[in-house]
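> let me see the structure of the following:
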Amino acid sequence: MVPKKMSLSVELIENPNEILKYLQLGISIPVREDFYEFILHDLTVFRAKSLILKEDNKIVAHTLAYDDGGEVLFFGFFGAIDHEEKHIEFLLRKLIEFAQNHQYKFIRGPINPPTFIFGWGFMTEDSLEDMCISKPVNPPIYQEIFTQHGFYIKSKQGTWEGEIYKVPEEELKKYDLEGYEIHAPKEWDEIPNLKMPLLILSVRNLATESQVTPSPENLFENFFSFAKKYGGIYMVKLLRYKQSKEFVGCFITLPDPIKKNQEGKNNSFVGYSLTIDKEHRGKGLSVYLVKEVFDAAYEEDLRYVSVPMEVNVVECRDLAKNIFGLSYTRTHLILERKIE
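Coordinates of the predicted model:
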């Protein structure tokens, strides 16, 4: 008897509310109903589409495809049931075909919008696998198959994490901070007025490899809506240079509504973006900013922090390891392929 040949086909889904139904297939992080408003925002901004792989009419794999109006096709939420190799490979071929047919010059990912919930990258084998926000978990078969199909590492993102403590005042006495002051917003309605200073700081000073999320200017309000819903205004601090009255630094953190302690309480947060203007570096200002946020978080009973960063950002790495005693725990790879 001749064995039945399985039929594979890909269906394109464009309705954001329909896409919501399939995202969990492509990510280990829970696609919770209370996250829907943030997900739908980014799906709409990016005009995202889902590619659904079916075998004999049964859904077996999924990926999201989107762009920011440029030459790069971003993908995210790439996953197959039981991580079946033939399904991963078939869907990847279809993703490459999609990029070719729509004249993109590159494919890059996984970048899973909104990234402040679902993160980015394929996780390497030597990483921690506990559940937390923005740190997807996957077996190595994904990056292996992508590499076989011409993908290379575009960016290597590492995570440092560990217990936090109130930073001793003596730590700041090592530095001359007289010319600077912390600006701590007191209410969330102050945040819209800080949009341009924060974006300008980011554009001027973050390395290209550290700017993972496309079109951050279009995602600003969604980002802070999430911070407001699950966290506190103390998670945002800026640094002002007294002489010019300009903002020259910021540290933005986010709550982690997924990771829980042994008592079942959320007591963790994420150091999302630390920026110091290039002209003001080497003065201990990062320590000043981080201390302000860590001390406030400690008062709010937060005890654990994770900090993602591009692995080559030496200053932030040294700060995490040598000043705040965090440990390197995870590596996520963002891959890219040129389309010819």
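
> show me the contacts for the most centrally placed residue in the chain.
Central residue of the chain (Cα atoms, centre = their mean): Gly119, 3.4 Å from the mean position. Shown in contact with Gly119 (Cβ atoms under 8 Å, 6 or more residues apart in numbering): Ile29, Asn112, Ile133, Ser134, Lys135, Pro136, Pro308, His332. Where C-beta positions appear, they are placed from N, C-alpha and C, glycine not excepted.

> report the secondary structure state of Ile96.
Here Ile96 is helix, with the state taken from DSSP: H, G, I helix; E, B strand; the rest coil.

> got a list of what it touches?
Listed by Cβ under 8 Å, 6+ apart, the contact set of Ile96 reads Ile107, His149, Arg337, Ile339.

> put together TSV for those residues, with pLDDT and distance to Leu95 on each row.
Converted to TSV, the contacts of Ile96 look like this (pLDDT from 0 to 100; distance: Cβ to Cβ, whole Å):
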residue	pLDDT	distance to Leu95
Ile107	98	7
His149	97	9
Arg337	97	10
Ile339	95	11
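
> top of the residues you listed by neighbour count?
Most neighbours among the contacts of Ile96, by other Cβ atoms under 10 Å: Ile107, with 25 neighbours.

> name the residues that touch the helix or strand that residue falls within?
Applying DSSP states H and E as the criterion places Ile107 in strand 106-109. If you take Cβ under 8 Å, 6+ apart as the criterion, strand 106-109 is touched by 71-76, 78, 95-96, 99, 120, 151, 154, 334-339.

> run the last query once more with 10 Å
63-66, 70-78, 92, 95-96, 98-100, 120-122, 146, 149-151, 154-155, 212, 214, 334-339 (Cβ atoms under 10 Å, 6 or more residues apart in numbering).

> list only buried entries from the residues you listed.
Neighbour-count burial (16 or more other Cβ atoms under 10 Å) applied to the contacts of strand 106-109 gives 63-66, 72-78, 92, 95-96, 98-99, 120-122, 146, 151, 154-155, 212, 214, 334-337, 339.

> OK, contacts around the closest residue in space to Pro214 that isn't next to it in sequence?
Counting by Cβ to Cβ, 6 or more residues apart in numbering, Asp68 is the residue found nearest to Pro214 once chain neighbours are left out, at 4.0 Å. Asp68 makes contact with Val45, Phe46, Arg47, Phe74, Thr213, Pro214, Ser215, Pro216, Asn218, according to Cβ under 10 Å, 6+ apart.

> just the element for Asp68, please.
Counting by DSSP H and E, no helix or strand carries Asp68.

> got the phi and psi for it?
Main-chain torsions, Asp68, degrees, to the nearest 10: phi -120, psi 20.

> just Val311 next, same as before
Here the main-chain torsion angles of Val311 (degrees, to the nearest 10) amount to phi -60, psi -20.
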